[in-house]
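# below are the sequence and a predicted model for it; my questions follow.
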Amino acid sequence: MSVFHRFANPNRFLKLTNTVLPWISGITVLSLLAGLYMAFFTSPPDYQQGETVRIMYIHVPSAWMAMFIYSSIAFASVCSLIWRHPLADLAAKASAPIGAGFTFLALATGSLWGKPMWGAWWVWDARLTSVLILFFLYLGHMALMNAFEEQERGNRAAAVLAIVGFVNIPIIKFSVDWWNTLHQPASVMRADGPSIDPSMLWPLLIMGLAFKFFYLVVVLIRIKSELIEAKLRKYRRAVVDNA
Amino acid sequence: MGLNFHLAESSALILEGPNGSGKSSLIRILSGLLRPRLGSLIWQGQDATKEPEIFQEHIHYIGHRNAIKPVLTVQENLTYWSGRDKDDTHLDMALDQFNMLPLKNTPANLLSSGQSRRLALSRLLASKRKLWLLDEPSVGLDVASIKLLEQAIAEHRSTGGSVIFATHSPIEVEAPTKLNLRDYSPLYNRALINLDDEEESWV
Amino acid sequence: MGLNFHLAESSALILEGPNGSGKSSLIRILSGLLRPRLGSLIWQGQDATKEPEIFQEHIHYIGHRNAIKPVLTVQENLTYWSGRDKDDTHLDMALDQFNMLPLKNTPANLLSSGQSRRLALSRLLASKRKLWLLDEPSVGLDVASIKLLEQAIAEHRSTGGSVIFATHSPIEVEAPTKLNLRDYSPLYNRALINLDDEEESWV
Amino acid sequence: MSAFLNIVSKDLRLALRQRSDLTMAVLFFILTAMLFPFGLGPEPNLLARIAPGIIWVTALLSVLLSLERIFLADYEDGSLEQLVLSRASLEIAILAKVLAHWLTTGLPLILAAPLIALLFNMDTEAMTILLFAMLLGTPSLSLIGAIAATLTLGARRGGVLIPLLVLPLYIPTLIFGVGAIDAAMNSLEAGAVIANARPHLLLLGAILLVSLLITPLAGAAALKQALE
Amino acid sequence: MSAFLNIVSKDLRLALRQRSDLTMAVLFFILTAMLFPFGLGPEPNLLARIAPGIIWVTALLSVLLSLERIFLADYEDGSLEQLVLSRASLEIAILAKVLAHWLTTGLPLILAAPLIALLFNMDTEAMTILLFAMLLGTPSLSLIGAIAATLTLGARRGGVLIPLLVLPLYIPTLIFGVGAIDAAMNSLEAGAVIANARPHLLLLGAILLVSLLITPLAGAAALKQALE
Amino acid sequence: MDQVINFFSMGNYGAYIWTAYSLTAIVMLSLLVTTLHRLRKNQAELEELQHLRETAGQSNNKEETARP
Ligand code: HEM
Ligand SMILES: Nc1ncnc2c1ncn2[C@@H]1O[C@H](COP(=O)(O)OP(=O)(O)OP(=O)(O)O)[C@@H](O)[C@H]1O
Ligand SMILES: Nc1ncnc2c1ncn2[C@@H]1O[C@H](COP(=O)(O)OP(=O)(O)OP(=O)(O)O)[C@@H](O)[C@H]1O
Ligand SMILES: [Mg+2]
Ligand SMILES: [Mg+2]
């Protein structure tokens, strides 16, 4: 409780943000450059999939981010509903569009990979389907958040939705194990350690890192922006009341 | 037995009577929303019982419900019904008369009950009609707002308009005609009970 | 600066203040429907701000809207909310107190506004709660019905009940405590504007 | 318990009084299902093959269109405030309202389903499984839909939001509902029908249990906010 | 003519203001169309085979659900009376309102159709014919629907009545709309695609012409009655 | 030159790979750009309002002391 409320102070949060932002921006740029270089020049083509394997270095991190961001939103929603913590609402609100963007990327790059590999842009298997559902959940979350005159009400409603929709995340993760699908089973994040070659694993991990820091940068800026907007709303109200 | 009345220009008719005596029903008949079972309605010499359209463009009816869309702001609500342009100064003047100008950009779902009622009333000024039909206009208004309403009615009458309203709490207007409906209602006048639905009206 | 009050048994608190001064908001906070931004609510020694459930079974709230289903009859509407059996004599007594017994089997969509309000009020008597929270209970009532309401309140207090109500028109009760909210509302008291949302309440 | 029955019976009485509520879902179901033979051509094999999917999708849409009314009227006329303040626990009240909704939409759909199944040349065994699957599945539709209905109360575009929120959540029910019937239709021996359909039916049951748990909690949270 | 444009532009502005009207039909179209693969299983051949039927039925339902609002709001707030009383001919006014309706529902549907076609593995030629067929067919849907919308104004259960009245009248459009695409998909040589689809497209055109003639007349008569 | 062409053709899968990468670039960049744009706009507006408030606040205070 007290830990939470220390960060509830928006000014403290802003100060913290301003100090870390340059650092994480730097990490993002560096890891992105390194990852791209390795993806294109040091990693070999796959013996089965040929050059198309290079799509993996953006497809898989996007898919990870899609699930990670949704989970973060669900966590923030729990905080928001139980502790009514304003920062949790802001974080959820700021994250949703980024998550939707990455989900879209996972879908689009997956399609672009699927056409040469499976011969179809789209197949209706469990993994693909559940990611599509995730995309709609993001859209619903964003729509619900903005559907009310009072921001607070939108935040709460969206929080409930995010928690209910969290059921989908394990389904995405384990769909490849529970149903037989065309899609590849997990080869990095599995209980017995990664099963892919280091020459491909490293660029993949570095790109994953880059995407995660990119998310951090954008989400922090968005929260900052939201904080200012909240202040603006209050001022505008006061101006109107003064009139 | 029947109920018979006539309304001149610039006049005010107050309908009184206990709950259920038929004030609202009479107002709805006058507005053409209900059709009388018996009796007829004459508007400027024309029989308007069957075709309420011929005078509906001259009246403005405000009933118990405020017909406010909660998702629109105060200003949008007013614009929507007045048929005027959004920037028309008439709208601001109408809001100002009922002291709603500061709330112009507030979403209507945040309004208090009295504020909603004032918004409904400010429509009267935004669309200038000859005859106002008001059903308990002062419900929920505080003392100051009732004064504003009385002012608005006085001004309306000074420009040749008329007003008919039903009310339980006093609204002061100059030289009103009063009509107590208790005696015309089967609920309160037992003599009427066997006469089957004699709710009637001539204007 | 804050608003602070305490309510004893058998007492009556009247909330006054102009439109938008926060009477309805305060009543909703007291009923637990709204949560206060600041301040707390103490019910019989327990802090009930976070868990309104612990006292909600002792209060009865009647807001601006009557919560009446138009397709059900008067009796069916009352039965539903009282949680009593259809043939319970309490229901008839409750209806009788507000002179609604003759309309028992009328579909609620035919009720006049005052009759609907009386139906809503008769719920107070059908389910016996300790604290009544009434938001403008007399809206739409004729003079006789306001008397009935005053009687009902007096009886309720004589059996140890309390009542808090907001009103613009006078309702006479014995030895009321009055609270004018004008001074606590940012809309009317400019000093409050810069204090950021200080809507508050302690019971 | 009595509060529960009280709410159910009142909602049922309301629905019976304004019968349009009762007929709308069923009528929409039947009419829409009948469009498909026109759209797909009259090949009996094709129709029988896709019948389960069509019936489920159509049932889902019919339920979807009736979701808004579960809470909207109560919200607008102030009954919801009374419900929240009444002694009955809000969770129970929500379950009661959902039950009433199911009795007035889900149940009629199940009763109408054999008619549609006949039209699509489904055989009797598949039809039995269809009925079982719907019996297990339609309550979940009402339950999940109720969450969306509470979340969108007072929203600027409530009517549009509901499909967006609800359809993604309906997909698992749809998949297993159809799966059960497909499994039944594809089993060669008569005895295997139930054995084949069973895992799907069990999953439908699991969804029902989960939504029975989640709906009251999520719904109660959402309703309280809607009134703030 | 200026009265016509006036009505069209006013209706469009209203639709844009409350965007829900605009997005509702399209969103419903996309979401519903996507339900079918879940319901029917993922066989690409089956999906491609039934794609035209699914797309047309779904489009038809989306239009159906938006019919009520063509006249209802205007009826309830009294604008319709003003319209009848205004100098503009009522027939023209009806056509203008139908055009506005088509621009806000039919056109977005056509724009969204290629996306759905892709998901169903339709090939490019069939897709072109689909777009042509929808371009000819969806205006008829709006026109025919407008008659039902005027007829049910003020009816106690207007919302329920509309599907009942309108779906039978939509069936010819549905049949020829699907027929055109089926013909295109079944033509073996590339050159024959258009030749094969042509009779169906011509029939769609004929339906459009007939409904262009009938709707203003029937609609005007119905509107005048509704206001009595 | 050949090497460059080879690189860009990606074993004939160039179209897929480059579309995937450019789509990713577009989405991520537009997320960043819209975010920064909104921040700038809000900051500017905040400064303006704060300025307004300061001047208005002073006159307001005077009014208050003048109140009976
Ligand atoms: C639209 C289509 C696709 C979607 C929605 C999709 C979705 C996903 C998701 C959500 C993950 C993360 C799984 C996890 O972390 O457990 C993933 C990983 C992966 N996907 Fe896809 N995918 C698609 C198409 C493809 C295609 C066509 C291929 C290659 C033939 C592919 C190859 C992979 C690989 C190799 C992984 C990494 C698995 C791991 O190492 O954990 N995906 N995909
Ligand atoms: N269609 C109808 N058929 C028969 N009686 C009706 C009908 N509609 C309303 N009533 C009855 O007519 C009476 C008059 O109702 P009305 O609403 O006009 O009263 P009112 O004078 O406005 O009362 P209030 O002061 O409470 O608003 C009521 O008793 C009502 O029950
Ligand atoms: N969620 C909210 N956020 C900010 N202001 C609000 C909110 N809800 C209501 N208000 C404002 O609070 C004020 C108090 O409203 P309230 O309904 O309590 O007034 P009231 O005293 O009951 O007035 P009336 O006599 O008209 O019923 C109004 O000005 C309203 O605009
Ligand atoms: Mg009345
Ligand atoms: Mg109030």
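Perfect, I can see it now. Ligands and ions are numbered 1, 2, ... in the order given.
# just after the helix or strand encompassing D:A93, pick out the following helix or strand.
Per DSSP states H and E, D:A93 falls inside helix D:90-101. The first helix or strand that comes after helix D:90-101 along the chain, using DSSP H and E, is helix D:107-119.
# pull out the buried residues from that next one.
D:107-110, D:112-113, D:116-117, D:119 (16 or more other Cβ atoms under 10 Å in any protein chain shown). Any C-beta I mention is one placed from the backbone N, CA and C, and that applies to glycine too.
# report the two of the residues you listed separated the most.
Spatially, the most separated pair among the buried residues of helix D:107-119 is D:L107 and D:L119, at 20.1 Å (Cβ to Cβ).
# would TSV of the buried residues of helix D:107-119 with distance to E:G145 be doable?
Shown next, in TSV, are the buried residues of helix D:107-119 (distance: Cβ to Cβ, whole Å):
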residue	distance to E:G145
D:L107	30
D:P108	25
D:L109	25
D:I110	30
D:A112	24
D:A113	28
D:I116	24
D:A117	29
D:L119	25
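# that older thread, say whether chain A is contacted by the helix holding D:A93.
No. Shown here: helix D:90-101 not in contact with chain A (Cβ under 8 Å from any Cβ of the partner chain), separated by at least 12.9 Å.
# keeping just the C-alphas, turn stretch D:140-149 into CSV.
C-alpha atoms of stretch D:140-149 as CSV (Å, rounded to 0.1, in the frame of the first residue of the first chain):
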residue,chain,number,x,y,z
SER,D,140,-22.8,-19.3,-21.1
LEU,D,141,-23.8,-16.9,-23.9
SER,D,142,-26.2,-15.2,-21.6
LEU,D,143,-23.7,-15.1,-18.8
ILE,D,144,-20.8,-13.8,-20.8
GLY,D,145,-23.1,-11.3,-22.6
ALA,D,146,-24.3,-10.0,-19.3
ILE,D,147,-20.7,-8.8,-18.5
ALA,D,148,-20.6,-6.8,-21.6
ALA,D,149,-24.1,-5.5,-21.0
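# list the contacts of it.
Residues from elsewhere that reach stretch D:140-149 (Cβ atoms under 8 Å, 6 or more residues apart in numbering or on different chains): A:160-161, A:164, D:59-60, D:63-64, D:67-68, D:70-72, D:94, D:97-98, D:101-102, D:105-106, D:161-162, D:165-166, D:169-170, D:173, D:204, D:207-208, D:211-212, D:214-215, D:218-219, D:222.
# give me that answer again for 6 Å
D:63, D:67, D:70-71, D:98, D:101-102, D:106, D:162, D:165-166, D:169, D:173, D:207-208, D:211, D:215, D:218-219 (Cβ atoms under 6 Å, 6 or more residues apart in numbering or on different chains).
# same question for stretch A:26-40.
A:54, A:57, A:203, A:206-207, A:209-210, A:213-214, A:217.
# which members of these are the farthest-apart pair?
Most distant of those, by Cβ to Cβ, are A:R54 and A:V217, 24.7 Å apart.
# from the chain's centre, how far out does stretch A:69-78 sit?
10 Å (Cα atoms, centre = their mean, to the nearest Å).
# what is the mean pLDDT for that stretch?
Averaging pLDDT along stretch A:69-78 yields 96.
# quick check, that stretch touching chain D?
No. Judged by Cβ under 6 Å from any Cβ of the partner chain, stretch A:69-78 stays clear of chain D, getting no closer than 10.7 Å.
# quick one: buried residues of that stretch?
Those would be A:69-70, A:72-77, for stretch A:69-78 by 16+ other Cβ under 10 Å.
# repeat for stretch D:204-215
D:204, D:207-208, D:211, D:214-215.
# can you pull out the helices in the chain?
Just so you know, I chose chain A. A:2-8, A:10-37, A:56-83, A:86-118, A:126-145, A:151-165, A:168-178, A:198-242 (DSSP state H).
# I was thinking of chain D, sorry if that wasn't clear
Using DSSP H, helices in chain D cover D:2-17, D:20-40, D:44-66, D:72-76, D:79-85, D:90-101, D:107-119, D:124-151, D:158-186, D:192-227.
# run through who's touching the lowest-mean-pLDDT helix or strand in chain F.
Lowest on mean pLDDT, DSSP states H and E among the helices and strands of chain F sits helix F:2-9, with a mean of 71. With contacts defined as Cβ under 6 Å, 6+ apart, helix F:2-9 is touched by F:G14.
# relative orientation of whatever helix or strand comes next after it and helix A:56-83 in degrees?
Going down the chain from helix F:2-9, the next helix or strand is helix F:14-66, by DSSP H and E. Orientation of helix F:14-66 against helix A:56-83 (axes from the mean of the first three to the mean of the last three Cα atoms, to 10 degrees) gives an angle of 30 degrees.
# just give the nearest non-adjacent residue to B:V143, would you?
C:H168 (7.2 Å; Cβ to Cβ, 6 or more residues apart in numbering or on different chains).
# actually D:F28, sorry about that
Per Cβ to Cβ, 6+ apart, closest to D:F28 is D:S62, 4.9 Å.
# contact partners for that neighbour?
D:25, D:28-29.
# tell me the pLDDT at it?
At D:S62, pLDDT is 92.
# hang on, the earlier thing: how about the helices of chain A, which one is nearest E:T150?
helix A:126-145 (32.5 Å).
# so for the closest one, mean pLDDT?
pLDDT averaged over helix A:126-145 gives 90.
# just confirm B:W132 is within a strand.
Yes. Checked against DSSP: H, G, I helix; E, B strand; the rest coil, B:W132 lies within a strand.
# do I have it right that it meets B:V163?
Yes. At 4.3 Å, B:W132 counts as touching B:V163 under the criterion of Cβ atoms under 6 Å.
# now residue 50. Nearest residue, chain neighbours left out?
Just going to use chain A. With Cβ to Cβ, 6+ apart, the residue lying closest to A:G50 is F:G11, at 5.1 Å.
# hmm, I had chain F in mind actually
Per Cβ to Cβ, 6+ apart, closest to F:Q50 is A:Y235, 7.5 Å.
# can you get me a residue count around the one you found?
If you count neighbours by other Cβ atoms under 10 Å in any protein chain shown, A:Y235 ends up with 17.
# now do it against D:P114, distance only.
From A:Y235 over to D:P114 the distance is 63 Å, taken as Cβ to Cβ, to the nearest Å.
# same question for F:L32.
57 Å.
# repeat for B:S113
Following Cβ to Cβ, the distance that separates B:S113 from D:P114 is 52 Å.
# now do B:L181
58 Å.
# with F:L39 instead?
Taken as Cβ to Cβ, the span from F:L39 to D:P114 is 60 Å.
# now F:M28
Applying Cβ to Cβ to F:M28 and D:P114 gives a distance of 53 Å.
# before we move on, what about A:L137?
In terms of Cβ to Cβ, A:L137 sits 35 Å off from D:P114.
# how about the residues of chain F near chain A?
So far as Cβ under 6 Å from any Cβ goes, chain F lies against chain A at F:10-11, F:13, F:16-17, F:19-20, F:23-24, F:27, F:31-32, F:35, F:38-39, F:42, F:45-46, F:49.
# show me which of these are buried.
Applying 16+ other Cβ under 10 Å to the residues of chain F next to chain A flags F:10, F:13, F:16-17, F:20, F:23-24, F:27, F:31-32, F:35, F:38-39, F:42, F:45-46, F:49 as buried.
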